[in-house]
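S.K.: Sequence first, then the predicted structure, then my questions.
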Amino acid sequence: MTTVVVAFLAVSAAASPVFALAQGVTGLDPTILVLAQFSTAVGALVAYAIWRGRLPYPRTTRRGVLAPLCAAAGLSLMITLVLWLLAIAEPHRWQSLHTSTLPAPLALILLAQFLGAAGEEIGWRGFVQPMLETRMATLSAAAITGLLFGLGHFPMAGAGLAVYSVFVVSAIGLSVAAAAVTTGRPWWARVLVSTVLHWGINIGILVGFSNADESMRWMANTAIAMGLIGAACVPLLIRSKQRVSSGLSAPRAAVGV
């Protein structure tokens, strides 16, 4: 499994600058869509093509997507609410969205942002997270996935090591929350549900904090918000570990990515 994950990371890292180049060539405004978000989807698809039929994947123990979709939407609203409460305690700085400042119609941006979030989630919650679950407790798998997810945003290092580190904390909190509502689901449900969570947070930030930046203050706020919600989801993942220990989630061969 280590070889598969390393291959996934290598292909994703190689694809990222290619997408960044395409972003510059096309002149696509990153407010609409960041093309590099699709690099992890490429990494997952390449890894799946190489090891198809030999990849471990946890058994599906839960059906239906309506409940986890609602839970994902609720978690994204809770994270946005915590960000708003934190903003109240600070000097007025964060501004709500004025649609006149957008480079494209809001509906188009919402759709593009959804596709971008899905591009990332195919790789992380649809591929890496479930593979790790076959070797370790769900909480550990979620934390490692979040760590890799955060470190994968290496351009953030340009804002400084401290900001980068705090961003990684946010990514781990997001990953734990995503695992809480996706564990036990088939791969496509994991991707869909985690995409709704990821997209909901991004849109909440776009609408409520349109001038959010890479400052330590903003990164600390996101780390607190996602960390708190992620910590609140830990009991759910502990119960998932108990189900794995009872043998309900034995690994099987993957049928998709």
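M.R.: Perfect, I can see it now.
S.K.: buried stuff in the longest helix belonging to the chain?
M.R.: For the chain, the longest helix by residue count, based on DSSP state H, is helix 2-26. Using 16 or more other C-beta atoms under 10 Å as the test for burial, helix 2-26 gives Val4, Val5, Phe8, Leu9, Val11, Ser12, Ala15, Ser16, Phe19, Gln23. For every residue, glycine as well, the C-beta is placed using N, CA and C.
S.K.: so who does the second one touch?
M.R.: The contact partners of Val5, taken as C-beta atoms under 8 Å, 6 or more residues apart in numbering, are Val128, Met131, Leu132.
S.K.: Which of those ranks first by neighbour count?
M.R.: Val128 (26 neighbours; other C-beta atoms under 10 Å).
S.K.: any idea which element Ala212 lies in?
M.R.: Remark: Ala212 resides in no helix or strand, with elements defined by DSSP states H and E.
S.K.: Surely it and Trp94 touch.
M.R.: Yes - with contact defined as C-beta atoms under 8 Å, Ala212 reaches Trp94; the gap is 6.6 Å.
S.K.: Quick check: which ranges of the stretch 51-200 of the chain have low pLDDT?
M.R.: Of all residues in the stretch 51-200 of the chain, those with pLDDT under 70 make up the ranges 92.
S.K.: If we go by neighbour counts, what in the one helix or strand Leu75 maps to is buried?
M.R.: Assigning secondary structure by DSSP H and E places Leu75 in helix 66-88. Judged by neighbour count using 16+ other C-beta under 10 Å, the buried positions of helix 66-88 are 68-69, 71-73, 75-76, 78-80, 82-83, 86-87.
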